[in-house]
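> the following block contains a protein sequence and its predicted model.
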Amino acid sequence: INAEEDIAEWRRTYESVQDEGRQLYQTYDRKCLMLKQVGSQLCESKTQNEHLQKRISALEQELRASHREKDELIAKQRSQVEAINKHEARYFSLKEEYNDVLSRLEDAQSHAQQSQWESLDVSALLHEVSQ
């Protein structure tokens, strides 16, 4: 009876150890699967991160190029404004000169007309005197 009890106790212990082993293996297997999934997710995240970093770099380059283009356009606009101001100043200077020349021409024409009238008056007098 003692031997039978020892065998029964041994079987219970054996089965308990077997159950505990199976549970430990299942836990180990589950954790390995989770570790693989996390590792896979980590790889995907690293790949996405690399892709995003490349995209950020490309966008930063585009932004720098846009800033350079904007600065060039601003410089060009300033240059054009300076040229317009210069041409406008020249236009007003020439317009003033033109108005001055026009005024002098009118004075000269008026003086010439007056001289012509005076000349005609003298001619008429001479003509009358000679007759």
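Arrived safely, thanks for sending.

> residues near W117, how many?
10 (other CB atoms under 10 Å). Glycine gets a C-beta too; all of them are placed from N, C-alpha and C.

> so how far is A83 from the spatially most central residue of the chain?
The residue lying closest to the centre of the chain (CA atoms, centre = their mean) is S66, at 3.5 Å. Noted for S66: a distance of 25 Å to A83, by CB to CB, to the nearest Å.

> host element of the residue nearest to the centre of the chain?
Secondary-structure element containing S66, defined by DSSP states H and E: helix 2-130.

> what pLDDT, on average, does that helix get?
Averaged over helix 2-130, pLDDT sits at 93.

> before we move on, the earlier item: distance of the residue nearest to the centre of the chain from Q53?
The separation that S66 has from Q53, given CB to CB, amounts to 20 Å.

> what does S119 give?
From S119 across to Q53, the span is 96 Å (CB to CB).

> again with K70
Using CB to CB, one gets 25 Å for the distance from K70 to Q53.

> all good on my end, thank you.
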